[in-house]
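just a sequence and a predicted model for now, questions to come.
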Amino acid sequence: MINHLITQKNWQTQLSEAITSIDELLSILKLESLRAEVYVPKHFELRVPRGFVAKMSIGDSNDPLLRQVLPDQREQIKVTGYVADPLSENTQNPVKGMLHKYQSRVLLTVTGACAIHCRYCFRQHFDYSANMPTADAKENIIDYITAHPEINEVILSGGDPLNVTNRRLFAWLDTLESLPQLTTIRLHTRLPLVIPARLDDALLTRLSQSRCHIVMVIHCNHANEIDALTAEHLQRARAAGITLLNQAVLLKGINDSVAVQTQLSQRLFSAGVLPYYLHVLDKVAGAAHFDNDERFAIELYWSLLAALPGYLVPKLVRELPNKPFKVPIDIYNDR
């Protein structure tokens, strides 16, 4: 009944009613005993939609969805090598609101807001106030893209680009589609997982009418994030002609087993989504407790190659600040 009542609301209502109180979250999950293990961060506060909480198991302190969003005291521990800007993104924005790291692609931070605050987020310390595209910056972005004919794809990111209204998103699409050199528009988002209703008729219709290829990369880390309702909305998006891909982050204690990764790939495929990347953790300050040793990641990957058909095995990669591409992990190291 709780699931039904939540999902009957439109996506903006669900967004506005997200849980921001740790005490409320623990009460809903009957986990008040965990209160001593968490803290109330002054920056990057708790935020999680109620529909996502409904996918969690009552009374399970190790629920893999809960552990992705519950602030942990260990976030306060300073660990050498884990920094505020692990990808040096603040040095790669030639125009306000745009990052140009990859040769043929630029990334636009169309919003700093997300529907959910994932505790391992590599942009949790990012200065969005200095990188949000204003009206003037939008013109500068268009001029920059036009002056660089090698750019054929724009990645809408943030924050989460689906966190903005259809009106604002469609305005960006109209602008980008007017540039003949662009062939692909890509959206990186967790909204379809945390508020499936965001994939509403108006959005899917508009995306299906684009002259550009539309690619949507969802960021799903565990099969439990895809329930029947979520799968239904993803399948509708695929039927609208959207290419659906997934990139996950390898997270200690959450999805770092062959069984969990296998189930994730199979669940994604059943929902019309192909696995794309499996990222080792970006070394962002406050997230060291999620990290796994690279050797462990490699051994896990070999097991996935044995357990899954090739088209369901994501590429094991790391992103480095000085490389204009995702860096494949050398799985043959020491073999």
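On my side now, so go ahead.

walk me through the domains of the chain.
Following automatic domain parsing, one finds the domains of the chain at 2-75, 89-328.

just name the most buried of those domains.
domain 89-328 (a mean of 18; mean count of other CB atoms under 10 Å). C-beta: built from backbone N, CA, C; applies to glycine.

quick one: the strands in the stretch 1-150 of the chain?
98-102, 105-109 (DSSP state E, counting those that start in this stretch).

isn't Val154 right up against Glu177?
No: here Val154 lies out of contact with Glu177, judged by CB atoms under 8 Å, at a distance of 10.0 Å.

between those two, what contacts are shared?
When contacts are counted by CB atoms under 8 Å, 6 or more residues apart in numbering, Val154 and Glu177 are jointly contacted by Ile185.

next, give phi and psi for Ile58.
Backbone torsions for Ile58, taken as degrees, to the nearest 10, come to phi -60, psi 130.

thought it was touching Leu26?
No: in this structure Ile58 lies outside contact range of Leu26 using CB under 8 Å: 11.2 Å.

give me the below-cutoff pLDDT ranges for this structure.
1-8, 86-92, 125-132, 334-335 (pLDDT under 70).

secondary structure element holding the spatially closest residue to Thr111 that is not a sequence neighbour?
In space, and not counting its chain neighbours, Thr111 is closest to Gly159: 4.0 Å by CB to CB, 6 or more residues apart in numbering. Using DSSP states H and E, Gly159 sits in no helix or strand.

make 50 the starting number, not 1.
All set: I'll call the first residue 50, so the last point we hit is now Gly208.

hey, where'd the helices end up in the chain?
51-56, 60-65, 71-77, 99-102, 115-118, 184-196, 215-226, 240-243, 250-257, 277-288, 307-319, 343-356 (DSSP state H).

give me the helices and strands touching the second one, please.
In terms of contact count using 3 or more CB pairs under 8 Å, 6 or more residues apart in numbering; DSSP states H and E, helix 60-65 is assigned no packing partners among helices or strands.

Provide the contact partners of it at residue level.
By CB under 8 Å, 6+ apart, helix 60-65 touches 55, 98-100, 164, 212, 214, 240, 244, 246-247, 249.

could you do the third one as well?
Helix 71-77 is contacted by residues 68, 81, 83-84, 87, 89, 95, 97, 102, 119-120 when judged by CB under 8 Å, 6+ apart.

go on, the last one?
Contact with helix 343-356 is made by 299, 305-307, 310-311, 314, 327, 329, 362, 365, 378-380, 382-383, as judged by CB under 8 Å, 6+ apart.

same question, the fourth one
Counting contacts by CB under 8 Å, 6+ apart, the residues outside helix 99-102 that touch it are 52, 55-56, 63, 66-68, 74, 77-78, 114, 118, 165, 242-245, 274.

roughly how far apart are the residue nearest to Thr160 and Thr158?
From Gly208 across to Thr158, the span is 6 Å (CB to CB, to the nearest Å).

Val243 is in contact with His166, isn't it?
No: with contact defined as CB under 8 Å, Val243 does not count as touching His166 (10.6 Å).

any idea how far His282 lies from Leu293?
Distance from His282 to Leu293, by CB to CB: 11 Å.

ugh, wrong one, Leu205
Counting by CB to CB, the gap from Leu205 to Leu293 is 15 Å.

repeat that for Lys91.
Counting by CB to CB, the gap from Lys91 to Leu293 is 36 Å.

over to Leu323?
Counting by CB to CB, the gap from Leu323 to Leu293 is 7 Å.

name the nearest residue to the residue most central in space within the chain, ignoring sequence neighbours.
In the chain, the centroid-proximal residue (CA atoms, centre = their mean) is His268; its distance is 3.8 Å. Closest residue to His268 apart from its sequence neighbours, by CB to CB, 6+ apart: Arg239 at 4.9 Å.

mind listing what the one you found touches?
163-165, 167, 209, 267-269.

and which of those is nearest to Ala334?
Cys167 (14.5 Å; CB to CB).

list the contacts of the residue nearest to that closest one when sequence neighbours are not counted.
Excluding its sequence neighbours, the residue lying closest to Cys167 (CB to CB, 6+ apart) is Gln117, at 5.4 Å. Residues near Gln117 by CB under 8 Å, 6+ apart: 167-169, 270-271, 300, 303.

can I get the residues you listed in JSON lines including distance to Gln125?
Listed next are these as JSON lines, based on distance: CB to CB, whole Å:
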{"residue": "Cys167", "distance to Gln125": "17"}
{"residue": "Arg168", "distance to Gln125": "12"}
{"residue": "Tyr169", "distance to Gln125": "15"}
{"residue": "Asn270", "distance to Gln125": "23"}
{"residue": "His271", "distance to Gln125": "25"}
{"residue": "Leu300", "distance to Gln125": "19"}
{"residue": "Ile303", "distance to Gln125": "20"}
